[in-house]
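**Student:** Output the structure for:
(one chain, ligands or ions: 1)
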Amino acid sequence: QRVARLAAHFSGGLQEPEEGLHAQNTSAPGDGYNVAVLGAAGGIGQPLSLLLKLSSRVRELRLYDVANTAGVAGDLSHISTAAHVTAHTGPQQLGDALYGAHLVVIPAGVPRKPGMTRDDLFNINAGIVRTLVEGVARYCPGAWLAVISNPVNSTVPIAAEVLKRAGVFNPARLFGVTSLDVVRAETFVAQALGVDPAGVHVPVIGGHAGITILPVLSAATPPLALPEERQRALMARIQDAGTEVVQAKAGAGSATLSMAHAAARFAEACLRAMSGEAGVVECAYVASSLTPQPYFASQLRLGPAGIAEFLPLPRLTPLERDNYERMQEELRTSIQKGLDFAARQ
Ligand code: NAI
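**Tutor:** Okay, the predicted model is just below:
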C-alpha cells in the first residue's frame, strides 16, 4: 500500500493541497523563498537563522519561538543581506510565521544532557513537534518540512501522522534532517584519508540514533581502504559523535553549531531543488519503501516538487550488512513509538 501511495504520488496521483488560500506554497518565485524556523531562538535555531540570513535564496526569514524571538530577529535584521527577517513569538503568532512558507525547519525542543539518549527526549519533544506540525498543516500545507527535533526516528512519523490526519501529507516533502551524520562522516573520513573534506562524500543511511546511523564507508568517495578494525572504529565514532559533543558540553546541551551548518546545507539543497536546479542529492530520513521499515534515511534526488527519486541503497560489506540487520529492531520500535503517540491524540 505504501509503495502504491508513493508511486501514486510521484505519478501525480495524489491530491495537492487545496488551491486558493495556500496556492502560493507551491509556487516557485524568482526572487527567493519564504523560510520559517520554528525554535529559532535556541542553540541550533540562532546559528541556523544566521546562516539562512546569508542565503541569497531566502526572501523572508520567519523566526518563531516561544521566547526571545524579537531579540534574535532584531539582531539578524541588521545584517546587510536581502532576506527580510520577521519575529513571531508564542502560539498566537505561529500562523503569521507559517503562512506562505515554502520551507519550514523545526529545531524546537529540548536537547540531550550527558547520560541521556535521544529517546529520553521523546516525552517533551513529541508534543512540541505535534503542535508545530498541526500549524504547518493549517497554514502552509504545501511547504517542505525539515524536522531536526529529536528523536528524529520518532518525530518524523509523528509529523507524518499529523499531516495525514489533516489530509495534507505529501511524503515527498517531509524530511528528518540527518545531514549532521553525513557532515561528521565526511569530516572523519577526510581525516583518515588526509584530504580536504570538501571533496569527500559518504552516504549515511538508516536513522538518526546510535546503531541506526549507518555510514556506508565502502561507498565513500574517494574510496577508503581501511582494515576492518579501523572501519569498525570509524563507524562507531560517527555513530557516537553526538554523544562526544554532549559530554564535552557537560550539561550545556548537544551539537548546535555543526548542526546549524548541516541544517543550513540541507535547507539550501531544498531551495536549490525547488528552484529547478538539477542533480541535487541529499541523505534524509523519510517515508520510504526501500527497506521493511516505513521510514528510512537514504540518498534522495530532490526535484522542484520534493523527492524526485530514491537512489538505490549502496551495496553493503558484511560489516555494514551486520549493522543494517542490527538496526532494524531499534528503528522499528522508534517508529512504532511515534505512531502510537500520534494515535493517542
Ligand atoms: P535549545 O534548548 O537550545 O533550543 C530549543 C529551542 O526550542 C528553544 O529556543 C526553545 O524556546 C524552543 N522551543 C521549545 N518549545 C517550543 C515550542 N513549543 N515552539 C517553538 N519553540 C519551542 O536546543 P537545541 O540545542 O537547539 O536543540 C534542539 C533540538 O534539536 C533538540 O531536540 C536536539 O536533540 C535536536 N538535535 C538534532 C540533531 C539532528 O541531527 N537532527 C542534532 C542536534 C540536536
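**Student:** Can you pull up the residues of the stretch 51-200 of the chain that come close to the ligand?
**Tutor:** Along the stretch 51-200 of the chain, the residues adjacent to the ligand under the rule CB under 6 Å from any ligand atom are 65-67, 107-112, 121, 125, 128, 131-132, 148-150, 152, 177, 180. C-beta here means a position set from N, CA and C on the backbone, and glycine is covered the same way.
**Student:** Among those, which ones are in strands?
**Tutor:** Asp65 (DSSP state E).
**Student:** Just the buried subset of the residues of the stretch 51-200 of the chain next to the ligand, please.
**Tutor:** Buried members of these, counted by 16 or more other CB atoms under 10 Å: 65, 107-112, 121, 125, 128, 132, 148-150, 152, 177, 180.
**Student:** Mark which of those residues are part of helices, please.
**Tutor:** 125, 128, 132, 152, 180 (DSSP state H).
**Student:** Torsion angles phi and psi at the closest residue to the third one other than its chain neighbours?
**Tutor:** For Leu132, ignoring the flanking residues on the chain, the nearest one in space by CB to CB, 6 or more residues apart in numbering is Leu38 at 5.0 Å. Summarising the backbone geometry of Leu38 under the convention degrees, to the nearest 10, its torsions are phi -100, psi 110.
**Student:** Repeat that for Ile205.
**Tutor:** phi -120, psi 170.
**Student:** what's near enough to touch it?
**Tutor:** Shown in contact with Ile205 (CB atoms under 8 Å, 6 or more residues apart in numbering): 214, 216, 283, 296-299, 313-314, 324.
**Student:** One more pass at 10 Å, please.
**Tutor:** By CB atoms under 10 Å, 6 or more residues apart in numbering, the residues touching Ile205 are 178, 181, 212-216, 219, 283, 285, 288, 290-291, 296-299, 313-314, 316, 320, 323-324, 327.
**Student:** Filter those down to the buried ones.
**Tutor:** Here, 16+ other CB under 10 Å leaves 178, 181, 212-216, 219, 283, 285, 288, 291, 296-299, 313-314, 316, 320, 323-324, 327 buried among the contacts of Ile205.
**Student:** do you know how far the residue nearest to Leu132 is from Leu76?
**Tutor:** Look at Leu38 and Leu76: by CB to CB, to the nearest Å, they are 16 Å apart.
**Student:** and what of Ala190?
**Tutor:** 31 Å.
**Student:** so who does the nearest residue to Glu330 once chain neighbours are set aside touch?
**Tutor:** Nearest non-adjacent residue to Glu330, counting by CB to CB, 6+ apart: Thr212, 5.6 Å away. By CB under 10 Å, 6+ apart, Thr212 lies in contact with 118, 151-153, 178, 181, 205-206, 239, 285, 293, 296-297, 323-324, 326-331, 334.
**Student:** Any idea which residue of the protein lies closest to the ligand?
**Tutor:** Nearest residue of the chain to the ligand (CB to the nearest ligand atom) works out as Gly42 at 2.0 Å.
**Student:** thought that residue was touching Pro111?
**Tutor:** Yes: using CB atoms under 10 Å, Gly42 is in contact with Pro111, at 8.1 Å.
**Student:** does any bit of the host helix or strand of Ala284 sit next to the ligand?
**Tutor:** Secondary structure from DSSP states H and E places Ala284 in strand 280-287. No: Strand 280-287 does not reach the ligand (CB under 6 Å from any ligand atom); its nearest approach is 8.7 Å.
**Student:** Centre of the chain to the helix or strand just after that strand, how far?
**Tutor:** Toward the C-terminal end, the helix or strand that comes next after strand 280-287 (DSSP H and E) is strand 295-303. Centre-to-centre, strand 295-303 and its host chain are 11 Å apart (CA atoms, centre = their mean, to the nearest Å).
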